[in-house]
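K.L.:
Quick one: sequence plus predicted model below, questions after.
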Number of protein chains: 6
Amino acid sequence: MSLEDFRRFRERMNERILAADNLEIRRFFALDSRAYDDGALPTRTKELLGLVASLVLRCDDCITYHLVRCAEEGVTDDELFETFSIGLIVGGSIVIPHLRRAVDRLDEIRSAT
Amino acid sequence: MSLEDFRRFRERMNERILAADNLEIRRFFALDSRAYDDGALPTRTKELLGLVASLVLRCDDCITYHLVRCAEEGVTDDELFETFSIGLIVGGSIVIPHLRRAVDRLDEIRSAT
Amino acid sequence: MSLEDFRRFRERMNERILAADNLEIRRFFALDSRAYDDGALPTRTKELLGLVASLVLRCDDCITYHLVRCAEEGVTDDELFETFSIGLIVGGSIVIPHLRRAVDRLDEIRSAT
Amino acid sequence: MSLEDFRRFRERMNERILAADNLEIRRFFALDSRAYDDGALPTRTKELLGLVASLVLRCDDCITYHLVRCAEEGVTDDELFETFSIGLIVGGSIVIPHLRRAVDRLDEIRSAT
Amino acid sequence: MSLEDFRRFRERMNERILAADNLEIRRFFALDSRAYDDGALPTRTKELLGLVASLVLRCDDCITYHLVRCAEEGVTDDELFETFSIGLIVGGSIVIPHLRRAVDRLDEIRSAT
Amino acid sequence: MSLEDFRRFRERMNERILAADNLEIRRFFALDSRAYDDGALPTRTKELLGLVASLVLRCDDCITYHLVRCAEEGVTDDELFETFSIGLIVGGSIVIPHLRRAVDRLDEIRSAT
């Protein structure tokens, strides 16, 4: 799925989910976006935290999302690969297929800019 | 993958697997389908249990299967979204991409009826 | 750890965590306790959902918490064992050590009443 | 917990669980013990499969159980450490605390013989 | 994705990742491929260990990779299905969708030979 | 287990494991400690990455280890609680029991200094 298709599906389904009459889900979504705001730690560091957590839990969509956000925050490739290396060593070789897709996505993000 | 393609692949591979000469796998499949029969808990509740377990373990195919069964058992959208909210809160934001696909699938199931 | 020690540690640390100046964590805790309130699904069913999710994710403390709540909601042993059987079949034999501790805890809960 | 205490708790709770009136759980337990019988693969190899699966899923009790069985099947320390190394590389550094307890348990098993 | 597409993507991205200037990732990749070399345990057994670990951790790409390697090592279908049965019983019904894809992939591998 | 007992067991078992004749495990341990060295990202940030990965993978010993290292690197409580909040939101309420033990351990670390 291209980055553009990912974005469109994500946006469409978020709207669909938030339109449903479930207060807990709406609050969770609000909480989820607030968690990465600047605080004692800057957004930039928090996005790296979100990225490594997504890597070790092996969620491709979450990895894509945080890679896009990291790129927007000006994170360099060297910083991303060091984050990848920690995710790989903590999470093991089972992370490798997700790492391949992550690097492929990163190249797509960089070339789209 | 459309719901129809999912169903066909599932059926074809189940037949293929059960045709292989492995008694343990055949017994596991039998046990798996019996587990959701009416008992002290009705099938309806057991399907919700299967759904929330599939959500927190983040298995799209298992979610699709239990959504289809829940729809057959007459579970309402409000009941499904409350089950989603528990899966989301127990399992965290890593569940969200699966929730998006689950709600998309639910819409497909409802419109197919 | 006895049920009483579990309760005391849980309460003490919840207070300690909520006293820390972190709004997101406080909101998450509030959201977590609201998620099991009566709604389209009754609290009783939601506690079974929380229990099966805790089983397949293999968290002993979460299992203990939901077993206590299920007992308070009048869930019977037969209903609990059917919930256990779904958790076991979905999550596999890796769940068995947690099931042993769950049943031991259930016996402690029943005898404490 | 000593190996002897582990064995006693395991045996007591297995009896307690099998005495409960739940056919699915009883069948699952029967299936679980049959799965390691000699077949196309010998029991010895199957116990190594059970051990590596327990390592990457990070279940100390399951690791202890399969270590005991491997020792009974005459698996050598070199074979066990190669199994550990695969579990470690597939599962990542998050496996290390379980590896420490596994090796400690292995030493207890070897010295008990 | 066909086996051929899988192989091409895997090879292309491995090259891309190893070309990046990150020593830890390069060392991890080297370590990962050495782990399955003949030792106290033969490569054949180690590939079965890698397969069952991939099954219970539910990684389709890792399963495909180890199935290809097992076929190269002359592992029979009966041996593979016994490995599948252990993965299924340890990991539970959540493994079933991955088992379906594994058997489909196995049929593709066998027919390609 | 007190922090001091944790340290002693960790050290003793690391020595025991590294003394075993397994090159892959020794290399993995070396790689694991190098991964947190200063690079494009400073050690301080990498320890936060290790901490959040340990939280969402729910490994108490790994959490303890990275909390000790974070304290040595001068990470503040506010920074730690923001890292906790991301781990909690990404990983869900199943993380809460580990968060309780993490905060209890943090208090032990701070009071030991």
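P.N.:
That came through, no problem. Numbering: from 1, shown residues only, chains lettered A, B, ... in the order given.

K.L.:
Let me see the backbone angles for residue A:56.
P.N.:
Per-residue torsions, residue A:56: phi -70, psi -30 (degrees, to the nearest 10).

K.L.:
make that residue A:36, sorry
P.N.:
According to degrees, to the nearest 10, residue A:36 has phi -100, psi 0.

K.L.:
That one is in contact with residue F:86, isn't it?
P.N.:
Yes: with contact defined as C-beta atoms under 8 Å, residue A:36 reaches residue F:86; the gap is 7.5 Å. For glycine as for every other residue, the C-beta is placed from the backbone atoms N, C-alpha and C.

K.L.:
And these two? Which one has more around it.
P.N.:
residue F:86 (27 against 24; other C-beta atoms under 10 Å in any protein chain shown).

K.L.:
At which residues are the helices of chain A located?
P.N.:
Using DSSP state H, the helices of chain A run over A:3-19, A:23-34, A:43-56, A:60-72, A:77-91, A:96-112.

K.L.:
does any bit of the third one sit next to chain C?
P.N.:
No: residues of helix A:43-56 contacting chain C under C-beta under 8 Å from any C-beta of the partner chain: none, with a closest distance of 10.8 Å.

K.L.:
Tell me if that helix is near chain F.
P.N.:
Yes: with C-beta under 8 Å from any C-beta as the criterion, chain F is reached by helix A:43-56 at A:45-46, A:48-50, A:52-56.

K.L.:
can you list those residues in JSON lines and add pLDDT, neighbour count and distance to residue B:102?
P.N.:
Shown next, in JSON lines, are the residues of helix A:43-56 next to chain F (pLDDT from 0 to 100; neighbours: other C-beta atoms under 10 Å in any protein chain shown; distance: C-beta to C-beta, whole Å):
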{"residue": "A:45", "pLDDT": "98", "neighbour count": "24", "distance to residue B:102": "31"}
{"residue": "A:46", "pLDDT": "98", "neighbour count": "24", "distance to residue B:102": "27"}
{"residue": "A:48", "pLDDT": "98", "neighbour count": "27", "distance to residue B:102": "29"}
{"residue": "A:49", "pLDDT": "98", "neighbour count": "28", "distance to residue B:102": "26"}
{"residue": "A:50", "pLDDT": "98", "neighbour count": "26", "distance to residue B:102": "22"}
{"residue": "A:52", "pLDDT": "98", "neighbour count": "31", "distance to residue B:102": "26"}
{"residue": "A:53", "pLDDT": "98", "neighbour count": "28", "distance to residue B:102": "21"}
{"residue": "A:54", "pLDDT": "98", "neighbour count": "26", "distance to residue B:102": "19"}
{"residue": "A:55", "pLDDT": "98", "neighbour count": "26", "distance to residue B:102": "23"}
{"residue": "A:56", "pLDDT": "98", "neighbour count": "26", "distance to residue B:102": "23"}
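
K.L.:
Going by distance to residue E:9, which of those residues wins?
P.N.:
Using C-beta to C-beta, residue A:55 is the member of these that lies nearest residue E:9, at 18.5 Å.

K.L.:
So what does the residue in chain A sticking out farthest from the centre look like in phi/psi?
P.N.:
Relative to the mean C-alpha coordinate of chain A, counting by C-alpha atoms, centre = their mean, the farthest residue is residue A:21 (26.6 Å). Here is the backbone geometry of residue A:21 (degrees, to the nearest 10): phi -90, psi 70.

K.L.:
Next one: it from residue D:61, what distance?
P.N.:
43 Å (C-beta to C-beta, to the nearest Å).

K.L.:
Likewise for residue A:108?
P.N.:
On the measure of C-beta to C-beta, residue A:108 and residue D:61 end up 44 Å apart.

K.L.:
what about the residue nearest to residue A:9 when sequence neighbours are not counted, distance to chain C?
P.N.:
Spatially, and ignoring its direct neighbours in sequence, residue A:9 is nearest to residue B:100 (7.1 Å; C-beta to C-beta, 6 or more residues apart in numbering or on different chains). Per C-beta to the nearest C-beta, to the nearest Å, residue B:100 is found 19 Å from chain C.

K.L.:
For the residue at minimal distance from the centre of chain A, which non-adjacent residue is spatially closest?
P.N.:
Centroid-nearest residue in chain A: residue A:66, 2.2 Å away (criterion: C-alpha atoms, centre = their mean). Distances taken as C-beta to C-beta, 6+ apart place residue A:51 nearest to residue A:66, at 4.0 Å, with adjacent residues excluded.

K.L.:
again with residue A:64
P.N.:
Closest to residue A:64 by C-beta to C-beta, 6+ apart is residue A:105, at 5.2 Å.

K.L.:
who are the neighbours in contact with that neighbour?
P.N.:
The contact partners of residue A:105, taken as C-beta atoms under 8 Å, 6 or more residues apart in numbering or on different chains, are A:3, A:63-64, A:67.

K.L.:
gap between the closest residue to residue A:98 other than its chain neighbours and chain C?
P.N.:
Distances taken as C-beta to C-beta, 6+ apart place residue A:58 nearest to residue A:98, at 5.1 Å, with adjacent residues excluded. Distance, residue A:58 to chain C, using C-beta to the nearest C-beta: 15 Å.

K.L.:
who in chain A is up against chain E?
P.N.:
Of all the residues in chain A, those lying near chain E are A:58, A:77-78, A:81-82, A:84-85, A:88-89, A:93-94, A:96-97, A:99-101, A:103-104, A:107, going by C-beta under 8 Å from any C-beta.

K.L.:
Would you write a PyMOL line that selects the buried entries of those residues?
P.N.:
In PyMOL syntax, the buried subset of these is picked out as below (16 or more other C-beta atoms under 10 Å in any protein chain shown):
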select buried, chain A and resi 58+77+81+82+84+85+88+89+93+94+96+97+99+100+101+103
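
K.L.:
which one is residue A:109 nearest to, not counting chain neighbours?
P.N.:
Counting by C-beta to C-beta, 6+ apart, residue A:109 lies nearest to residue A:71, which is 5.1 Å off, once chain neighbours are set aside.

K.L.:
Which pLDDT value does the model give that neighbour?
P.N.:
For residue A:71, the model assigns a pLDDT of 98.

K.L.:
same thing with the one 5 residues further on?
P.N.:
Residue A:76 carries a pLDDT score of 98 in this model.

K.L.:
Can you name the residues that contact it?
P.N.:
Taking C-beta under 8 Å, 6+ apart as the criterion, residue A:76 is in contact with residue F:40.

K.L.:
Can you verify my assumption that residue A:66 contacts residue A:54?
P.N.:
Yes: using C-beta under 8 Å, residue A:66 is in contact with residue A:54, at 5.6 Å.

K.L.:
Now do the contacts for the closest residue to chain D within chain A.
P.N.:
Chain A approaches chain D most closely through residue A:92 (3.0 Å), counting by C-beta to the nearest C-beta. Shown in contact with residue A:92 (C-beta under 8 Å, 6+ apart): D:56, D:88-95.
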